[in-house]
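> Sequence below, structure please.
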Amino acid sequence: MTNSLDLEHLRTLIAIAECGGFSKAAAVRHISQPALSQHVRLLERGLKRKLFERDGRNMRFTHEGERVLAEARRIIEVHDAALRSLEAERGRTIVVGSTEHSAEQILPEMIRALQAAFPDCATRFEIGRSTQLAEAVGKGAVDFAFVLDPSGQGAGHLVGQLPLNWYAARGWTPPAPGETWPLVAFEEPCGLRERALSVLTGEGHRVEVTAQSTTLEGVLAGVRAGLGVALLPSAGGRPSGLSMCGELPDAGTTHLRMVARRGLPAELEQTALSAGMDFFAERPHLQLVSGA
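Model prediction:
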């Protein structure tokens, strides 16, 4: 049996468990799948035990593999804790995710908070849709992210609530009674799209999605062009070139949550959460969620 264990090989083993497979783990580890398989083979050879067995088209941990995985997690946890205590993480990059809706308002607060708490760390931001960001956090590619949760049932820390408003182009004329309401929305899957359709149809309106986009800018462009109305969260000012559409029913609010990757240092997670909470605390017109 080997006299030492390669930490990178142990991290690979943990990644396979957390990602649910070899190919996703290779992407998270930023290595090729053959290289990842070689890590596993070297571990098996050094430990003289089989860590995986085939289950149909997939691979699963053997009983011995589960034992090694538990030890790998313990070793990596102790190792990383030692590095942090010795300030060996200087120069690391904190990857922050944010939806387009909240980026402009919340990220400046986040930058200031992270720079004050972690002056030796660089910060990189990922801007995208909530579903994509949540998936990236789950894979470990993003440290933490602020995502929208219109259902109110999502995972993570509940930070606050943002009002949902209807917007239309300036001078836009609403359809006559009985006519179809045109809707500009994000491509599916999208909780805001589902909320808009639910509210409108619940009031007896006929609705047609006349334009859709994968980005906020695309949705705004469609509304500015007069293609229809859009339901969007508001964390501050009104989007340029648009007016609030008061003819439509109240759509309520959407929850804003902070989701964090597994193993994120508690100090970093709490700093990020506090920055998000401070944003709401300084804006009494938004709904602060206490004790989230």
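> Isn't Pro249 up against Gly204?
No. Judged on Cβ atoms under 8 Å, Pro249 makes no contact with Gly204 at a distance of 10.1 Å. Quick note: C-beta positions are derived from backbone N, CA and C, even for glycine.
> Counting neighbours, go ahead and name the busier of the two.
Using other Cβ atoms under 10 Å as the criterion, Pro249 and Gly204 rank with Pro249 on top: 11 against 7.
> And that one, how far from Trp166?
Applying Cβ to Cβ, to the nearest Å, the value for Pro249 to Trp166 is 9 Å.
> Show me which positions of stretch 109-128 end up buried.
Of the residues in stretch 109-128, 109-110, 113-114, 117-118, 126-128 count as buried by neighbour count, 16 or more other Cβ atoms under 10 Å.
> typo on my end, it should be stretch 229-248
Of the residues in stretch 229-248, 229-235, 239, 242, 245, 248 count as buried by neighbour count, 16+ other Cβ under 10 Å.
> Out of those, which one has the lowest pLDDT?
Taking the buried residues of stretch 229-248 together, the minimum pLDDT is found at Ala235 (66).
> ok, and what's touching the helix or strand containing Val223?
Using DSSP states H and E, Val223 sits in helix 216-224. Helix 216-224 has contacts (Cβ atoms under 8 Å, 6 or more residues apart in numbering) with 100-101, 167-169, 184-186, 210-213, 228-230, 232, 239, 241-242.
> try it again with 6 Å
Residues outside helix 216-224 that contact it (Cβ atoms under 6 Å, 6 or more residues apart in numbering) are 100, 167, 169, 184, 211, 213, 230, 239, 241-242.
> now do stretch 168-178
With contacts defined as Cβ under 6 Å, 6+ apart, stretch 168-178 is touched by 181, 223-224, 226, 229, 243, 245, 247.
> Report the backbone C-alpha coordinates of it in CSV.
Output of stretch 168-178 as CSV, limited to C-alpha atoms (Å, rounded to 0.1, in the frame of the first residue of the first chain):
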residue,chain,number,x,y,z
ALA,A,168,-43.9,48.9,-21.3
ALA,A,169,-42.4,51.3,-23.9
ARG,A,170,-43.1,54.9,-23.4
GLY,A,171,-46.3,55.8,-25.2
TRP,A,172,-47.2,52.2,-25.6
THR,A,173,-51.0,51.7,-26.0
PRO,A,174,-52.5,48.7,-24.1
PRO,A,175,-54.7,46.4,-26.0
ALA,A,176,-58.5,46.9,-26.0
PRO,A,177,-60.7,44.8,-23.7
GLY,A,178,-60.9,41.3,-25.0
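> buried stuff in it?
Quick answer for stretch 168-178 (16+ other Cβ under 10 Å): 168-169, 172.
> circling back to that earlier point, okay if I get the buried residues of stretch 109-128 as TSV plus secondary structure, pLDDT and distance to Arg193?
Formatted as TSV, the buried residues of stretch 109-128 follow (DSSP: H, G, I helix; E, B strand; the rest coil; pLDDT from 0 to 100; distance: Cβ to Cβ, whole Å):
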residue	secondary structure	pLDDT	distance to Arg193
Glu109	helix	71	28
Met110	helix	71	27
Ala113	helix	77	32
Leu114	helix	78	32
Ala117	helix	77	36
Phe118	coil	78	37
Glu126	strand	86	22
Ile127	strand	86	19
Gly128	strand	85	16
